[in-house]
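Trainee: sequence first, then the predicted structure, then my questions.
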Amino acid sequence: MGTCEIEDYFLTIGEPKLHGEMSRSLCASYVKVLMIFPDIESARPRSMSGIQALCALHIALDNTKNILQHCVQCSKLYLVITGDSVVLKFEKARNVLADSLRQVQDIVPQAIACQIAEILDELRKIKFSLDPVEKQIGDEIIVLLQQGLNFNSSSSELQSFHKAASKLGITSSKAALRERRSLKNLMERARAEENKRKESIVAYLLHLMTKYSKLFTTDFSDDNDSQESTPCSIRGSLEDSSLSGCNGCAFDRQMSSVSYKPNLRRSEQMSVPPKELRCPISLQLMYDPVIIASGLTYERVCIERWFADGHNTCPKTQQRLPRLSLTPNYSVKGLVAAWCEQNGIPIPDGPPMSLDLDYWRLPLSESDSSNSRSIESVDACKFKAVKVVPCGIIEEDKGNEEETVSAQQDDYEFGQYEEFLNILEKEDDLMKKCKVVEQIRHLLKDDEGARIYMGANGFVRPLSVFLEAAVSARNGKAQEIGAMALFNLAVNNNRNKELMLESAVLTILQKMIADTDSVGAATALYLSLSCLDKAKPIIGTTEAVPFLIRVLKHYTDVQCKLDALHTLYNISSHPTNIPHLVASGIIDGLDDIIARPTDHNWREKCMPVLNYLASSKAACDEIIAAPGLISGIATSLDVGERAEQEQAATCLLKLCNRSEKCRQIVLQEGVIIPSLALMSVNGTTRGKQKAQKLLMLFREQQQHGPSPDRTDEINVVALSAQDSKPALSKTVSRRKPDSSTSYAPGIPGDGRCLFRSVVHGACLRAGKPSPSESQEKELADELRATVADEFIKRRADTEWFVEGDFDTYVAQMRQPHVWGGEPELLMSSHVLQVPITVHMWDKKKNCLKVIAEYGQEYGRENPIRVLYHGYGHYDALQSLSGDLQSKLNKRW
């Protein structure tokens, strides 16, 4: 294969963000193996070892592709700090790929074997190492992590991060946006895996990246919470409004304005200090810049004067400050000195002398008029700045013209808002008000500053009154406009939501849903308000619940149904709401959705709601009685993603802990037990725990008294035997049942059941009598120890399919009460050098089916036969005597 073909394939998976040399070298060999893989498949032998080798190669290719995609899709910052780990992953992928190629090299035609030999030679020559520059950047960021995981804000921190991010190519707002999205994806995965250490590291990187992103001029925001009719879940943000004294400034502009190299070609405009270096109060270069709690930087004497006059808000944003502490901003002080040196201007040698002017005039002061509202802190992070201008005459050069224009524009906007408010409060014509509310709706959609300003200046009450008037007039268009204006006002703003509750918006909504066509708008507003904890018990006891359930069951608009489901999820998180939810028919509504086989995405969204409902006994009884819910949960366990499986297992555990009837229904669902067994190995951390608890629960039920039909299933089984189609470590078979019968003698469930069953079967196979329980225990412990040794002996062949760290796994397996599974059965067949066949009961056909075969290379005759009950327990299968067979035939 030529270099061009390799490059073409490399482009299809994407350019690696980091570790490019390692990726290219491994990708070259990976692509060559892909090209000959069809020939290898077509030449595969029918032997068990040949198919195992082919499967191992397939898995090795998947592992190689995963590490290549990791370098393409992962965050640059995370890649650079985990460089050593990435190198180990590359080496492991290379070694596994080489080992799997060696396994197939001897079982393919000579021409293909020669190509494999060339690839193996290339793999052997590859040396993986970190790029020195990337390693240095990683070390710098690790130092930041070690010093600042408590999210302390400092200018030196941002400077250090800027240098590292610039070296990684994060030098534009688009690049910063991509990096933030990658970090958010990593955060979600870390939470799903419950990896707290990884989550804290990624959270801090996202914190730094968010602050750094605000240093760019263009704002490519990736928040979707303000979509007019597409409400998203309101999540807490790690974004910090503190920008170490450079809040909201453009970093490129700052660096171009403040250069550390003398510039001999200065224009007249260069004598105007950048606004980032001037105090927002005095408008002069800062002598002693300090940072206040809002994250903005001021001249020390100016802000001290502001606080001394009794203010506890930020002069620029009017944000209420949690503390009045001042932090020196040495970064800005250094930038001031550098700018002065560059432009030939004396460095300030003291605070400004213009503080004896008349008192400052604030356009939005608390004392402007009797109608002005107090401006409160509502978590602003992008608030449009409110200018603070001295009344006295301050000499300004031409650079202030731009600021004057900006101030005039802000004054115009605020004047427009006041005009809107005046119309809403004094106008009687509903349609004139409707036009104004329509404008407000669109303003609020994308402008967080407008949401903060309007919420703090009394817009909530007039908008609520408008919606009430629209409901009274039965004007559907006005209702939709009013509800969506309130929805946009509430996005990401809990303070505004609280004001809406005080304005009786929920009472108005209750009247609205009784007779309206604006279902989507009403549902969206309910969704937004339901995110507020104090609103949940209020909404959950009103007619909103039956309304939302009707929307979920009968409404056709997908977004509206989704909003209704999310609202019901928020409401169900409050325990006191569950009885009303159940009485209103939420179980039937969820049953209608989950029972549909094509609605996988909807089933995934319903699981968290079921989880909350399962905490109530009344809800449990209805869930168990609903025909499709248990089946839907079983489907989620079988085909859902790992997070969905975790939710389904959690719900199932709550149901089964409450009801023996539910346990019986679950055991009748043939797919649940195998799915739980698989999940206990491959699920999320919490998912594994839930699956293991469920399996133990089902096992205890069998031990303490299963139903008669279940006892017959466990102890009297019709033996199956059929031709098999092998897989990597086991063979799944579908043979026709024969007439021979066997029974399970009853192996104790002490954690040794797998090894007890195997040694019991080995004794019977060798023609020896059944061992006593004490002998069986001794032999089982000996087999366990030998199996652990066999794992180590075959480490190169077994490490890839062992879950987690190999050494930890083997150490745990040596413990006498740790359960075994498929890997241990495979190793047992190698230790004893005999075939082992695993059976499971098929309720539909009322017979046994062979679900796996191990050690086929040692022959197929007279295998050790074990019975897997599906909930973590194994039994030995033993042939029936003639007398017992006769009695059982009469019984059946």
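Mentor: Nice, thanks for sending it over. Numbers count the residues shown, from 1 in each chain.
Trainee: what number of residues lie near residue 836?
Mentor: 24 (other CB atoms under 10 Å). Quick note: C-beta positions are derived from backbone N, CA and C, even for glycine.
Trainee: let me fix that, I meant to ask about residue 86.
Mentor: 23.
Trainee: what about the strands in the stretch 501-650 of the chain?
Mentor: Using DSSP state E, counting those that start in this stretch, no strands are assigned anywhere in the stretch 501-650 of the chain.
Trainee: which other helices and strands does the helix or strand residue 841 falls within contact?
Mentor: Using DSSP states H and E, residue 841 sits in strand 836-842. With contacts taken as 3 or more CB pairs under 8 Å, 6 or more residues apart in numbering; DSSP states H and E, strand 836-842 sits against strand 717-720, helix 822-832, strand 847-854, strand 864-868.
Trainee: with only the CA atoms kept, save the last one in CSV.
Mentor: Right, strand 864-868. Output of strand 864-868 as CSV, limited to C-alpha atoms (Å, rounded to 0.1, in the frame of the first residue of the first chain):
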residue,chain,number,x,y,z
ILE,A,864,-17.7,-31.8,31.8
ARG,A,865,-21.2,-30.4,31.9
VAL,A,866,-22.3,-27.5,34.1
LEU,A,867,-25.6,-25.8,34.4
TYR,A,868,-25.8,-22.0,34.6
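Trainee: now the helix or strand following that strand: mean pLDDT?
Mentor: Downstream of strand 864-868, the first helix or strand assigned by DSSP H and E is strand 874-876. Averaging pLDDT along strand 874-876 gives 84.
Trainee: got it, and stretch 660-667?
Mentor: For stretch 660-667, the mean per-residue pLDDT is 77.
Trainee: same check on stretch 348-361?
Mentor: Rounded mean pLDDT across stretch 348-361 is 54.
Trainee: cool, stretch 433-453 as well?
Mentor: Rounded mean pLDDT across stretch 433-453 is 84.
Trainee: buried residues, it. List them.
Mentor: 433-434, 436-438, 440-441, 443-445, 447-453 (16 or more other CB atoms under 10 Å).
Trainee: kindly report the same for stretch 416-430.
Mentor: 417, 420, 421, 423, 424.
Trainee: run the chain-centre distance for it.
Mentor: Chain-centre distance of stretch 416-430: 44 Å, with CA atoms, centre = their mean, to the nearest Å.
Trainee: CA atoms only: put it into PDB for me.
Mentor: Output of stretch 416-430 as PDB, limited to C-alpha atoms (Å, rounded to 0.1, in the frame of the first residue of the first chain):
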ATOM      1  CA  GLN A 416     -36.000  51.300  24.900                       C
ATOM      2  CA  TYR A 417     -36.500  48.800  27.800                       C
ATOM      3  CA  GLU A 418     -38.000  51.500  29.900                       C
ATOM      4  CA  GLU A 419     -40.400  52.400  27.100                       C
ATOM      5  CA  PHE A 420     -41.400  48.700  26.800                       C
ATOM      6  CA  LEU A 421     -42.100  48.700  30.600                       C
ATOM      7  CA  ASN A 422     -44.100  51.900  30.400                       C
ATOM      8  CA  ILE A 423     -46.400  50.400  27.700                       C
ATOM      9  CA  LEU A 424     -46.900  47.100  29.500                       C
ATOM     10  CA  GLU A 425     -47.900  49.000  32.700                       C
ATOM     11  CA  LYS A 426     -50.100  51.700  31.300                       C
ATOM     12  CA  GLU A 427     -51.400  50.500  27.900                       C
ATOM     13  CA  ASP A 428     -54.900  49.000  27.900                       C
ATOM     14  CA  ASP A 429     -55.000  47.700  24.300                       C
ATOM     15  CA  LEU A 430     -54.100  44.000  24.400                       C
END
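Trainee: name the residues that touch that stretch?
Mentor: Stretch 416-430 has contacts (CB atoms under 8 Å, 6 or more residues apart in numbering) with 432-433, 436-437, 439-440, 450, 453-454, 457-459, 462-463, 465-466, 469-470, 473, 475, 478.
Trainee: before we move on, which element is the residue nearest the centre of the chain in?
Mentor: Geometric centre of the chain, nearest residue: residue 188, 2.3 Å, by CA atoms, centre = their mean. According to DSSP H and E, residue 188 maps onto helix 173-192.
Trainee: list the buried residues in that helix.
Mentor: 173, 175-180, 182-184, 186-187, 190, 192.
Trainee: repeat that for stretch 649-663.
Mentor: 649, 650, 651, 652, 653, 654, 655, 656, 658, 659, 662, 663.
Trainee: low-confidence ranges in the stretch 51-200 of the chain?
Mentor: For the stretch 51-200 of the chain, applying pLDDT under 70 flags the ranges 148-156.
Trainee: same check on the stretch 251-400 of the chain?
Mentor: For the stretch 251-400 of the chain, the stretches flagged by pLDDT under 70 are 251-272, 353-400.
Trainee: the stretch 701-850 of the chain too?
Mentor: Across the stretch 701-850 of the chain, the ranges flagged by pLDDT under 70 are 701-746, 801, 803, 843-845.
Trainee: let's see that with 50 instead.
Mentor: By pLDDT under 50, the low-scoring segments of the stretch 701-850 of the chain are 705-741.
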